[in-house]
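> with the sequence up front, the predicted model follows.
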Amino acid sequence: MHEMALAESILGLVEETAAAQGVSGVGRVRAVFLDVGELSSVEPEALLFCFDAVTRGSVADGARLEIQRIPGQGWCLNCSRTVPLAALYDPCPECGRHQVQPTAGQEMRVREFELA
Amino acid sequence: MVKIEQDILAKNDGYAERNRRTLADKGIFAVNLVSSPGSGKTTLLCRTIEALKARLAIAVIEGDQQTEFDAERIRATGAPALQINTGKGCHLDAHMVGHALETLAPPDDSLLLIENVGNLVCPAAFDLGEAHKVVILSVTEGEDKPLKYPDMFRAAGLMLLSKCDLLPHLSFDTDRAIDFARRVNPGLEVIQLSSTSGEGFDAWLAWLEQGVAGARAGRRDQVEALKKRIAELEAQLAAK
């Protein structure tokens, strides 16, 4: 259920930025764009559901949430190279060992939003 | 398009950074204990406090959805404890812990133990400003927990394999559990212990005391740097 807290944080960032831009009023934001890594602790489906719930009556009421997934990557300590990583517990696809430190795919960022 | 370019948890991370600075200024070593419900966190804390309280000042922040039960158990050891009830919430966040720090006001050079809500999912994402997350896996759980809940084992710096006195009665494969945990987090430290028999406690207590010594040294260095700066400024002033 921490997607609810994440949705509230996203709305907070949108509201703050909108207010700083002088944008106010219910439903003024048409879409919000996120980068969410495939290795991050976010479940996109749950986040979409929670976002709709928390934005009701806010500046982002009815806004579409666009989630761009960032593929996972890691640095294999054994091969000394960057390799794709689909899950935190996956082995290196080259050497099969688990000495892989994630370097990309853990992002949880709010990139921008679009006004109606 | 209006740019934001901020982490979703930017606000939490800001509060966490503030907590981290407050803790560093006071030389406090803070650990965030995370696990599933029923891994024996509170029992482990009580035994830890009993073993260290003669040598260290210790304070505890307890997170649970409801009840003061855990804080009461901790207070029975003589250590001050503050209970945070998260209500419907599934994790502690840095803002709650910041308020708890103000209320609890742990002394300089002390140990702060934060017992998070029993949950192997959500607390992984929320930095509280602690020095380390410590994940507790009890041997009465499955050894595949690190693969089922990888985020938490990835976020932790130390794993405590608890209730080890029960191993003779279980089919739990310790090596396999550690191997799974290190698949997710190759650098993870592991200590096997039991709050009932006390085995492994020496290593755990030594780990904590080393952390406390590091936090104290950090504060001492800050104070020395400030004193040096004052001396330099006084010398400059005298030369005017």
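Good, I have the coordinates. Keep in mind that this is a model prediction, so the values were computed, not measured.

> do you know how far B:Leu112 is from chain A?
23 Å (CB to the nearest CB, to the nearest Å). In this view, the C-beta of every residue, glycine as well, is placed from N, C-alpha and C.

> next, the spatially most central residue of chain A: secondary structure please.
Closest residue to the average C-alpha location of chain A: A:Val36 at 2.9 Å, with CA atoms, centre = their mean. Secondary structure for A:Val36, judged by DSSP: H, G, I helix; E, B strand; the rest coil, is strand.

> check B:Leu33 too.
When classified by three-state DSSP, B:Leu33 comes out as strand.

> and the helix ranked longest in chain A, what does it pack onto?
Assignment by DSSP state H gives helix A:2-20 as the longest helix of chain A. Contacts defined by 3 or more CB pairs under 8 Å, 6 or more residues apart in numbering or on different chains; DSSP states H and E place helix A:2-20 against strand A:29-37, helix A:44-55, strand A:108-115, strand B:2-7, helix B:10-25.

> kindly format the C-alpha coordinates of it as CSV.
The C-alpha trace of helix A:2-20 is given here as CSV (Å, rounded to 0.1, in the frame of the first residue of the first chain):
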residue,chain,number,x,y,z
HIS,A,2,2.9,2.4,-0.2
GLU,A,3,1.7,3.3,-3.7
MET,A,4,-0.8,5.5,-1.8
ALA,A,5,2.0,7.4,-0.2
LEU,A,6,3.8,7.6,-3.5
ALA,A,7,0.7,9.0,-5.2
GLU,A,8,0.3,11.6,-2.5
SER,A,9,4.0,12.6,-2.9
ILE,A,10,3.5,12.9,-6.7
LEU,A,11,0.4,15.1,-6.2
GLY,A,12,2.3,17.2,-3.7
LEU,A,13,5.1,17.9,-6.2
VAL,A,14,2.6,18.7,-8.9
GLU,A,15,0.6,21.1,-6.6
GLU,A,16,3.8,22.9,-5.4
THR,A,17,5.1,23.3,-8.9
ALA,A,18,1.7,24.4,-10.3
ALA,A,19,1.3,26.9,-7.5
ALA,A,20,4.8,28.3,-8.2
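
> now the helices and strands packed on helix A:2-20 as JSON lines including mean pLDDT and distance to A:Thr17?
Shown next, in JSON lines, are those (pLDDT from 0 to 100; distance: least, CB to CB, whole Å):
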{"stretch": "strand A:29-37", "mean pLDDT": "96", "distance to A:Thr17": "10"}
{"stretch": "helix A:44-55", "mean pLDDT": "93", "distance to A:Thr17": "14"}
{"stretch": "strand A:108-115", "mean pLDDT": "95", "distance to A:Thr17": "7"}
{"stretch": "strand B:2-7", "mean pLDDT": "93", "distance to A:Thr17": "5"}
{"stretch": "helix B:10-25", "mean pLDDT": "96", "distance to A:Thr17": "11"}
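
> need the ones you listed in a markdown table with distance to B:Leu166, can you?
Listed next are the helices and strands packed on helix A:2-20 as a markdown table, based on distance: least, CB to CB, whole Å:
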| stretch | distance to B:Leu166 |
| --- | --- |
| strand A:29-37 | 38 |
| helix A:44-55 | 35 |
| strand A:108-115 | 38 |
| strand B:2-7 | 41 |
| helix B:10-25 | 35 |
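
> ok, which of these comes nearest B:Ala131?
For B:Ala131, the closest of the helices and strands packed on helix A:2-20 is helix B:10-25, at 7.7 Å, according to CB to CB.

> just checking, what packs against the closest one?
helix A:2-20, strand B:29-35, helix B:94-104, helix B:201-238.

> let me know which of the ones you listed is tucked in deepest.
strand B:29-35 (a mean of 26; mean count of other CB atoms under 10 Å in any protein chain shown).

> next, the angle strand B:29-35 makes with the helix or strand following it.
Using DSSP states H and E, the helix or strand that follows strand B:29-35 in sequence is helix B:41-52. Between helix B:41-52 and strand B:29-35, the angle comes out at 150 degrees (axes from the mean of the first three to the mean of the last three CA atoms, to 10 degrees).

> that older thread, tilt between the longest helix of chain A and strand A:29-37?
130 degrees.

> same question for helix A:2-20, mean pLDDT?
Average pLDDT, helix A:2-20: 93.

> what does that helix rub up against?
Applying CB atoms under 8 Å, 6 or more residues apart in numbering or on different chains, the contact partners of helix A:2-20 are A:24, A:28-29, A:32, A:34, A:41-43, A:46-47, A:49-51, A:53-55, A:58-60, A:63, A:65, A:108, A:110, A:113, B:2, B:4, B:6, B:8-12, B:89-91, B:93, B:121-122, B:125-126.

> quick check: residues of chain B near chain A?
B:1-12, B:88-91, B:93, B:121-122, B:124-126, B:146-147, B:150-151, B:154, B:180, B:182-184, B:186 (CB under 8 Å from any CB of the partner chain).

> out of the contacts of helix A:2-20, which end up buried?
The neighbour count (16 or more other CB atoms under 10 Å in any protein chain shown) marks A:28-29, A:32, A:34, A:41-42, A:47, A:50-51, A:54-55, A:58-60, A:63, A:65, A:108, A:110, A:113, B:4, B:6, B:8-12, B:89-91, B:93, B:121-122, B:125-126 as buried among the contacts of helix A:2-20.

> tell me the contacts of the residue nearest to the centre of chain A?
Contacts for A:Val36 (CB under 8 Å, 6+ apart) come out as A:42, A:44, A:47, A:67-70, A:107-109.
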